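Enquirer: need coordinates for the following:
(one chain, ligands or ions: 1)
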Amino acid sequence: MSKVTVVGAGKYGSTTVQRLAESDVADEVVMTDIVEGLPQGLALDMNQSRPVLAYRTVVTGTNDYADTAGSDVVVITAGLPRKPGMSRMDLLEVNARIVSDVTKNVVAGSPDAVIIVVTNPLDQMATLTADVSGFPKARVIGQAGMLDSARFAHFIAEKAGVDILSVKAVTLGSHGDTMVPVPSLCSVDGVPLTDVFDEETIAGLVDRTRKGGAEIVGLLKTGSAYYAPSAAAAAMVEAVVTDSNAELPVCAWMDGQYDIEGVYLGVVATLGAGGVTGIVEADLTEDELAGLREAAIAVKGKVADLEQISL
Ligand code: APR
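Expert: This is a model prediction of the structure:
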């Protein structure tokens, strides 16, 4: 029996719940939010799609954390998007309060859960969740790398005019400016990316990937991406629930891998019932390794901002 809770019934949260339910990966999926009626209404609507799509998972919509008790996995999507006039520090403060409060509430009823954090700013929120929960770091994971890797793969497939399934793409590091693309681990039909495109073309694809979230925000005008993000979060949940030990690019706690420690960073890790079951140390080029170490320093700097916030 597996139970998954998704906190936040906004775009990201509700789409994640929909994907999980439709793939029948858990016995029960609970969706909670502070807005009364929202998770209940969405759950009712989703449950009514079951006979059409032929899946069994029942979604429970609730505003009460008691209903989340005993979850094996909790996905935290609760938070506010950045609004005009809001600084990054303002957003950090608002979302840190929300995520800290959510973490305390879910941990009380689900002390053995694996927590997957997606709320931005991701690196800080993953660190905060680990601190507030007191969980072993392996049981708190951030989602960013799967999304960035998927965006990179999409841009590569589009540019090369090939089947998306023939593309292998990996990004490491952090979400955004210090994302580290890893061309040495990318390929099209098994051919190394560096043999498919020239340096300038790869740099263009990397740049578009780095700004991938902003490109979508610019088009949508309100709100941010959620289809690819929810696909990534649901895949992480599935790996934990099925104890598959799938290798996925995620935001995981570094404990000396690549000579980096004491920070949440985007790396390829195996995910299973206990959360992160191992970190895969790839054979990186000198440049890629330097990029990863720079990203670690940048994330540590951002995480230090959390100390200025009283929760
Ligand atoms: N507890 C539970 N839910 C909360 C709380 C809280 N304390 N505070 C806010 N929420 C809910 C809101 O009511 C809203 O329904 O979180 C939801 C957020 O939904 P959206 O505004 O639609 O945002 P979404 O697109 O889902 O993104 C969520 O993921 O990608 C990141 O940057 C994004 O941090 C954001 C998060």
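
Enquirer: quick check: Ala252 is in a strand.
Expert: Yes. Read with DSSP: H, G, I helix; E, B strand; the rest coil, Ala252 is one of the residues of a strand.

Enquirer: start the count at 42 instead of 1 going forward.
Expert: Let's use 42 as the start, then, which means that last one is Ala293.

Enquirer: got a list of what it touches?
Expert: By Cβ atoms under 8 Å, 6 or more residues apart in numbering, the contact set of Ala293 is 178-179, 182-183, 305-308, 310, 317, 320. From N, CA and C alone the C-beta is placed, and that goes for glycine too.

Enquirer: now it: how far from Ala137?
Expert: 20 Å (Cβ to Cβ, to the nearest Å).

Enquirer: for His216, same thing?
Expert: Counting by Cβ to Cβ, the gap from His216 to Ala137 is 16 Å.

Enquirer: let's have the contacts of Ala293 in a markdown table, adding pLDDT, secondary structure and neighbour count.
Expert: Listed next are the contacts of Ala293 as a markdown table, based on pLDDT from 0 to 100; DSSP: H, G, I helix; E, B strand; the rest coil; neighbours: other Cβ atoms under 10 Å:
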| residue | pLDDT | secondary structure | neighbour count |
| --- | --- | --- | --- |
| Lys178 | 98 | helix | 19 |
| Ala179 | 98 | helix | 20 |
| Ile182 | 98 | strand | 27 |
| Gly183 | 98 | strand | 29 |
| Tyr305 | 97 | strand | 30 |
| Leu306 | 97 | strand | 32 |
| Gly307 | 96 | strand | 31 |
| Val308 | 97 | strand | 26 |
| Ala310 | 98 | strand | 27 |
| Val317 | 98 | strand | 24 |
| Ile320 | 97 | strand | 21 |
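
Enquirer: which one of these is nearest Ala62?
Expert: Among these, Ile182 lies closest to Ala62 (Cβ to Cβ), at 21.2 Å.

Enquirer: hang on, the earlier thing: for the contacts of Ala293, which one is nearest Glu279?
Expert: Of all the contacts of Ala293, Ile182 has the smallest distance to Glu279: 13.2 Å, by Cβ to Cβ.

Enquirer: near the ligand, which residues of this structure are found?
Expert: Residues of the chain lying near the ligand by Cβ under 6 Å from any ligand atom: 48-54, 74-76, 118-120, 122, 139, 142-143, 159-161, 264-265, 267, 270.

Enquirer: what about 5 Å?
Expert: 49, 51-53, 74-76, 118-120, 139, 159-161 (Cβ under 5 Å from any ligand atom).

Enquirer: tell me the SS of Ile157?
Expert: Once three-state DSSP is applied, Ile157 turns out strand.

Enquirer: how many neighbours does it have?
Expert: 30 (other Cβ atoms under 10 Å).

Enquirer: ok, now which ones touch it?
Expert: Applying Cβ under 8 Å, 6+ apart, we find Ile157 in contact with 114-117, 182-184, 274, 277-278, 281.

Enquirer: in helices, which of those residues fall?
Expert: Among the contacts of Ile157, the members falling in helices are 274, 277-278, 281 (criterion: DSSP state H).

Enquirer: from those, which would you call buried?
Expert: By neighbour count, with 16 or more other Cβ atoms under 10 Å, those hold 274, 277-278, 281 as buried.

Enquirer: so what's the residue in the chain that the ligand sits nearest to closest to, chain neighbours aside?
Expert: Of all residues in the chain, Gly51 sits closest to the ligand, at 1.6 Å by Cβ to the nearest ligand atom. Once flanking residues are discounted, Gly51 sits nearest to Thr118: 6.6 Å by Cβ to Cβ, 6 or more residues apart in numbering.

Enquirer: measure Lys341 to Pro162 for me?
Expert: 14 Å.

Enquirer: most widely separated two among the residues of the chain next to the ligand?
Expert: Farthest pair in those (Cβ to Cβ) is Val76 and Asn161. Separation: 19.4 Å.

Enquirer: which of these two has more residues huddled nearby?
Expert: Neighbour count, other Cβ under 10 Å: between Val76 and Asn161, Asn161 has more, with 21 against 12.

Enquirer: quick one, what contacts the more buried one?
Expert: Counting by Cβ under 8 Å, 6+ apart, Asn161 touches 120, 132, 136, 216.

Enquirer: count of neighbours near the last one?
Expert: Other residues within reach of His216, judged by other Cβ under 10 Å, total 24.
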